[in-house]
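*Asks:* test case, fold it:
(chains A and B)
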Amino acid sequence: GQNIDQPTEMTATEGAIVQINCTYQTSGFNGLFWYQQHAGEAPTFLSYNVLDGLEEKGRFSSFLSRSKGYSYLLLKELQMKDSASYLCAAHGSGNTGKLIFGQGTTLQVKP
Amino acid sequence: DVKVTQSSRYLVKRTGEKVFLECVQDMDHENMFWYRQDPGLGLRLIYFSYDVKMKEKGDIPEGYSVSREKKERFSLILESASTNQTSMYLCASSLVWGLAEISPLATDTQYFGPGTRLTVL
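*Replies:* Modelled structure (predicted):
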(Lines give C-alpha, C1' and ligand atoms only; values in the text may rest on other atoms or scores of the structure.)
Protein backbone atom coordinates (compact mmCIF):
# COMPACT_ATOMS: atom_id res chain seq x y z
CA GLY A 1 0.00 0.00 0.00
CA GLN A 2 0.94 3.66 -0.08
CA ASN A 3 1.45 5.53 3.15
CA ILE A 4 2.89 8.80 4.40
CA ASP A 5 3.58 9.30 8.11
CA GLN A 6 4.42 12.51 9.93
CA PRO A 7 3.83 13.67 13.51
CA THR A 8 0.48 15.31 14.16
CA GLU A 9 1.65 18.20 16.30
CA MET A 10 4.89 19.88 17.36
CA THR A 11 5.69 22.85 19.55
CA ALA A 12 8.84 24.95 19.46
CA THR A 13 10.14 28.26 20.77
CA GLU A 14 10.72 31.40 18.75
CA GLY A 15 14.33 31.54 17.55
CA ALA A 16 14.86 27.79 17.91
CA ILE A 17 15.34 25.05 15.31
CA VAL A 18 12.72 22.38 14.62
CA GLN A 19 12.85 19.25 12.47
CA ILE A 20 9.66 17.74 11.06
CA ASN A 21 10.08 14.14 9.95
CA CYS A 22 8.23 12.26 7.24
CA THR A 23 8.42 8.62 6.24
CA TYR A 24 6.81 7.27 3.10
CA GLN A 25 5.96 4.06 1.33
CA THR A 26 4.84 4.38 -2.26
CA SER A 27 4.59 2.24 -5.36
CA GLY A 28 7.21 4.02 -7.42
CA PHE A 29 8.82 7.26 -6.31
CA ASN A 30 9.72 10.42 -8.17
CA GLY A 31 10.24 12.96 -5.43
CA LEU A 32 9.08 14.44 -2.12
CA PHE A 33 7.29 17.76 -1.61
CA TRP A 34 6.86 19.94 1.44
CA TYR A 35 4.03 22.45 1.61
CA GLN A 36 3.14 25.03 4.24
CA GLN A 37 -0.48 25.72 5.10
CA HIS A 38 -1.63 28.49 7.41
CA ALA A 39 -5.01 28.03 9.05
CA GLY A 40 -7.84 28.70 6.61
CA GLU A 41 -5.51 29.13 3.66
CA ALA A 42 -4.33 27.04 0.73
CA PRO A 43 -1.11 25.00 0.89
CA THR A 44 1.88 26.81 -0.58
CA PHE A 45 4.95 25.14 -2.04
CA LEU A 46 8.11 25.04 0.09
CA SER A 47 10.46 22.46 -1.43
CA TYR A 48 10.80 19.48 -3.73
CA ASN A 49 13.55 16.87 -3.29
CA VAL A 50 14.25 14.44 -6.08
CA LEU A 51 17.80 13.38 -5.20
CA ASP A 52 19.25 12.28 -1.86
CA GLY A 53 20.69 14.97 0.33
CA LEU A 54 19.97 18.32 1.89
CA GLU A 55 18.62 21.30 0.00
CA GLU A 56 18.80 24.64 1.75
CA LYS A 57 16.55 27.57 1.00
CA GLY A 58 17.01 30.40 3.46
CA ARG A 59 15.71 29.45 6.90
CA PHE A 60 14.15 26.27 5.53
CA SER A 61 16.00 23.11 4.46
CA SER A 62 14.69 19.77 3.29
CA PHE A 63 16.43 16.41 3.33
CA LEU A 64 15.68 13.21 1.45
CA SER A 65 16.93 9.63 1.76
CA ARG A 66 15.37 7.52 -0.98
CA SER A 67 16.82 4.26 0.34
CA LYS A 68 15.25 4.85 3.77
CA GLY A 69 11.97 6.33 2.54
CA TYR A 70 12.61 9.30 4.79
CA SER A 71 12.54 13.07 4.58
CA TYR A 72 12.66 15.96 6.99
CA LEU A 73 11.98 19.66 6.90
CA LEU A 74 14.29 21.78 9.02
CA LEU A 75 13.17 25.23 10.11
CA LYS A 76 15.80 27.52 11.64
CA GLU A 77 15.46 30.78 13.56
CA LEU A 78 11.80 30.12 14.10
CA GLN A 79 9.42 33.05 13.86
CA MET A 80 5.86 33.32 15.10
CA LYS A 81 4.63 33.41 11.50
CA ASP A 82 6.02 29.88 11.03
CA SER A 83 3.09 28.57 13.08
CA ALA A 84 1.26 26.52 10.44
CA SER A 85 0.68 23.00 9.21
CA TYR A 86 3.45 21.39 7.18
CA LEU A 87 2.41 18.81 4.63
CA CYS A 88 4.67 16.09 3.32
CA ALA A 89 3.68 14.71 -0.10
CA ALA A 90 5.24 11.97 -2.22
CA HIS A 91 5.10 11.96 -5.98
CA GLY A 92 4.79 8.25 -6.36
CA SER A 93 2.39 6.76 -8.83
CA GLY A 94 4.07 6.59 -12.17
CA ASN A 95 3.72 9.54 -14.48
CA THR A 96 0.31 10.93 -13.65
CA GLY A 97 1.36 13.88 -11.54
CA LYS A 98 -0.52 12.55 -8.52
CA LEU A 99 0.76 13.36 -5.06
CA ILE A 100 0.16 11.32 -1.91
CA PHE A 101 -0.18 13.60 1.11
CA GLY A 102 0.50 12.95 4.76
CA GLN A 103 -2.01 14.28 7.26
CA GLY A 104 0.19 17.25 8.07
CA THR A 105 2.15 18.40 11.12
CA THR A 106 0.74 21.38 13.00
CA LEU A 107 3.62 23.45 14.33
CA GLN A 108 3.01 25.93 17.10
CA VAL A 109 5.74 28.48 17.71
CA LYS A 110 5.68 30.01 21.19
CA PRO A 111 7.36 33.23 22.31
CA ASP B 1 2.83 33.69 -10.83
CA VAL B 2 0.44 30.79 -11.11
CA LYS B 3 -3.07 31.68 -10.11
CA VAL B 4 -5.70 29.12 -9.23
CA THR B 5 -9.12 30.46 -8.33
CA GLN B 6 -12.18 28.78 -6.93
CA SER B 7 -15.72 30.03 -7.41
CA SER B 8 -16.63 30.37 -3.74
CA ARG B 9 -14.77 30.57 -0.43
CA TYR B 10 -17.81 29.51 1.61
CA LEU B 11 -20.89 27.58 0.52
CA VAL B 12 -23.90 26.28 2.45
CA LYS B 13 -26.17 23.73 0.79
CA ARG B 14 -28.98 21.42 1.83
CA THR B 15 -28.95 17.64 1.73
CA GLY B 16 -29.93 16.36 -1.71
CA GLU B 17 -28.96 19.52 -3.60
CA LYS B 18 -26.72 19.35 -6.65
CA VAL B 19 -23.56 21.33 -5.99
CA PHE B 20 -21.03 22.69 -8.46
CA LEU B 21 -17.54 23.77 -7.40
CA GLU B 22 -15.56 25.55 -10.08
CA CYS B 23 -11.81 25.88 -10.40
CA VAL B 24 -9.90 27.96 -12.94
CA GLN B 25 -6.15 28.19 -13.53
CA ASP B 26 -4.41 30.73 -15.70
CA MET B 27 -1.07 29.05 -16.44
CA ASP B 28 -1.98 26.60 -19.21
CA HIS B 29 -1.43 23.64 -16.89
CA GLU B 30 -2.29 20.19 -18.18
CA ASN B 31 -3.05 18.57 -14.81
CA MET B 32 -5.83 19.58 -12.45
CA PHE B 33 -6.88 18.00 -9.18
CA TRP B 34 -9.70 18.08 -6.65
CA TYR B 35 -9.00 17.27 -3.00
CA ARG B 36 -10.97 17.39 0.18
CA GLN B 37 -9.30 18.19 3.48
CA ASP B 38 -10.65 17.04 6.81
CA PRO B 39 -9.09 17.27 10.29
CA GLY B 40 -6.93 14.26 11.05
CA LEU B 41 -7.27 12.88 7.52
CA GLY B 42 -5.16 15.30 5.55
CA LEU B 43 -5.63 15.94 1.85
CA ARG B 44 -7.44 13.19 -0.02
CA LEU B 45 -7.63 13.09 -3.79
CA ILE B 46 -11.14 12.91 -5.23
CA TYR B 47 -10.53 13.16 -8.98
CA PHE B 48 -7.87 14.42 -11.30
CA SER B 49 -7.58 15.30 -14.96
CA TYR B 50 -4.48 15.28 -17.15
CA ASP B 51 -6.10 16.67 -20.28
CA VAL B 52 -9.32 18.20 -21.54
CA LYS B 53 -12.20 15.72 -21.29
CA MET B 54 -9.91 13.24 -19.52
CA LYS B 55 -10.50 12.28 -15.90
CA GLU B 56 -9.35 9.65 -13.47
CA LYS B 57 -10.68 8.62 -10.08
CA GLY B 58 -8.63 9.42 -7.05
CA ASP B 59 -8.84 7.77 -3.67
CA ILE B 60 -12.37 8.83 -2.70
CA PRO B 61 -14.48 9.42 -5.85
CA GLU B 62 -17.77 8.09 -4.49
CA GLY B 63 -20.51 10.69 -4.52
CA TYR B 64 -18.58 13.03 -6.82
CA SER B 65 -18.15 13.59 -10.52
CA VAL B 66 -16.03 16.03 -12.51
CA SER B 67 -16.05 17.88 -15.77
CA ARG B 68 -13.21 19.35 -17.80
CA GLU B 69 -14.52 20.87 -21.00
CA LYS B 70 -11.78 23.51 -21.25
CA LYS B 71 -8.14 23.26 -20.29
CA GLU B 72 -8.29 26.04 -17.71
CA ARG B 73 -11.46 24.92 -15.92
CA PHE B 74 -12.11 21.84 -13.76
CA SER B 75 -15.47 21.41 -12.07
CA LEU B 76 -16.38 19.18 -9.16
CA ILE B 77 -20.00 18.08 -8.95
CA LEU B 78 -21.82 16.68 -5.96
CA GLU B 79 -24.85 15.04 -7.59
CA SER B 80 -26.83 14.83 -4.34
CA ALA B 81 -25.06 16.49 -1.44
CA SER B 82 -24.91 14.67 1.87
CA THR B 83 -23.83 15.86 5.33
CA ASN B 84 -20.68 13.71 5.19
CA GLN B 85 -19.53 15.84 2.26
CA THR B 86 -19.15 18.84 4.55
CA SER B 87 -15.47 19.64 4.13
CA MET B 88 -12.83 21.99 2.76
CA TYR B 89 -12.41 21.42 -0.99
CA LEU B 90 -9.12 22.35 -2.59
CA CYS B 91 -8.35 22.53 -6.29
CA ALA B 92 -4.80 22.30 -7.60
CA SER B 93 -3.01 22.33 -10.93
CA SER B 94 0.41 21.30 -12.20
CA LEU B 95 2.13 21.87 -15.50
CA VAL B 96 2.51 18.46 -17.09
CA TRP B 97 4.30 15.18 -16.61
CA GLY B 98 6.74 13.21 -18.65
CA LEU B 99 8.63 16.00 -20.38
CA ALA B 100 12.30 15.21 -19.83
CA GLU B 101 13.42 18.60 -21.06
CA ILE B 102 11.60 20.36 -18.22
CA SER B 103 12.76 20.00 -14.63
CA PRO B 104 10.66 17.91 -12.24
CA LEU B 105 10.29 20.99 -10.06
CA ALA B 106 8.61 22.84 -12.90
CA THR B 107 6.40 20.00 -14.06
CA ASP B 108 5.35 18.32 -10.83
CA THR B 109 4.71 21.15 -8.39
CA GLN B 110 1.02 21.51 -7.62
CA TYR B 111 -0.40 24.99 -7.05
CA PHE B 112 -3.49 25.27 -4.93
CA GLY B 113 -6.54 27.49 -5.01
CA PRO B 114 -7.82 29.21 -1.84
CA GLY B 115 -10.31 26.44 -1.07
CA THR B 116 -14.08 26.24 -0.71
CA ARG B 117 -15.48 25.46 2.71
CA LEU B 118 -18.69 23.57 1.98
CA THR B 119 -21.30 22.94 4.66
CA VAL B 120 -24.15 20.56 3.88
CA LEU B 121 -27.11 20.89 6.25
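
*Asks:* mean confidence for stretch B:27-47?
*Replies:* In this model, stretch B:27-47 has an average pLDDT of 91.

*Asks:* how far does that stretch stretch from start to finish?
*Replies:* 20 Å (Cα to Cα, to the nearest Å).

*Asks:* next one: it to chain centre, how far?
*Replies:* Computed by Cα atoms, centre = their mean, to the nearest Å, the chain-centroid distance of stretch B:27-47 equals 5 Å.

*Asks:* give me the below-cutoff pLDDT ranges for chain B.
*Replies:* Applying pLDDT under 70 to chain B flags residues B:1-2, B:97-107.

*Asks:* mind checking the SS state of whatever residue of chain A ends up closest to chain B?
*Replies:* In chain A, the residue that lies nearest chain B is residue A:103 (3.5 Å; Cβ to the nearest Cβ). (C-beta placed from N, C-alpha, C; glycine too.) Secondary structure, DSSP: H, G, I helix; E, B strand; the rest coil: residue A:103 is coil.

*Asks:* so what touches the host helix or strand of residue A:87?
*Replies:* Element membership of residue A:87, judged by DSSP states H and E, is strand A:84-91. Contacts with strand A:84-91, where a contact means Cβ atoms under 8 Å, 6 or more residues apart in numbering or on different chains, come from A:2, A:4, A:6, A:20, A:22, A:24, A:26, A:29-39, A:43, A:46, A:71, A:73, A:97-102, A:104-107, B:42-43, B:104, B:108.

*Asks:* chain B: strands as residue ranges?
*Replies:* B:4-6, B:10-13, B:19-25, B:31-38, B:42-51, B:54-57, B:64-70, B:73-78, B:87-94, B:111-112, B:116-120 (DSSP state E).

*Asks:* as a markdown table, these with distance to residue A:16 would be great.
*Replies:* Output for these, formatted as a markdown table (distance: least, Cβ to Cβ, whole Å):
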| stretch | distance to residue A:16 |
| --- | --- |
| strand B:4-6 | 34 |
| strand B:10-13 | 36 |
| strand B:19-25 | 38 |
| strand B:31-38 | 28 |
| strand B:42-51 | 26 |
| strand B:54-57 | 43 |
| strand B:64-70 | 42 |
| strand B:73-78 | 41 |
| strand B:87-94 | 30 |
| strand B:111-112 | 28 |
| strand B:116-120 | 33 |
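
*Asks:* between those strands, which one is nearest to residue A:79?
*Replies:* With respect to residue A:79, and counting by Cβ to Cβ, the nearest of those is strand B:111-112 at 22.6 Å.

*Asks:* what does the closest one rub up against?
*Replies:* A:42-45, B:2, B:4, B:25, B:27, B:29, B:90-94.

*Asks:* and it, how far from the chain's centre?
*Replies:* The chain centroid and the centroid of strand B:111-112 are separated by 10 Å under Cα atoms, centre = their mean.

*Asks:* then stretch A:12-32?
*Replies:* On the basis of Cα atoms, centre = their mean, stretch A:12-32 sits 4 Å off its chain's mean C-alpha point.

*Asks:* endpoints of that stretch, how far apart?
*Replies:* Stretch A:12-32 stretches 24 Å from its first residue to its last (Cα to Cα).

*Asks:* same thing with stretch B:44-64?
*Replies:* Taking Cα to Cα, stretch B:44-64 runs 13 Å from one end to the other.

*Asks:* which among the contacts of strand A:84-91 end up buried?
*Replies:* A:4, A:6, A:20, A:22, A:24, A:26, A:29-37, A:43, A:46, A:71, A:73, A:97-102, A:104-107, B:42-43, B:104, B:108 (16 or more other Cβ atoms under 10 Å in any protein chain shown).
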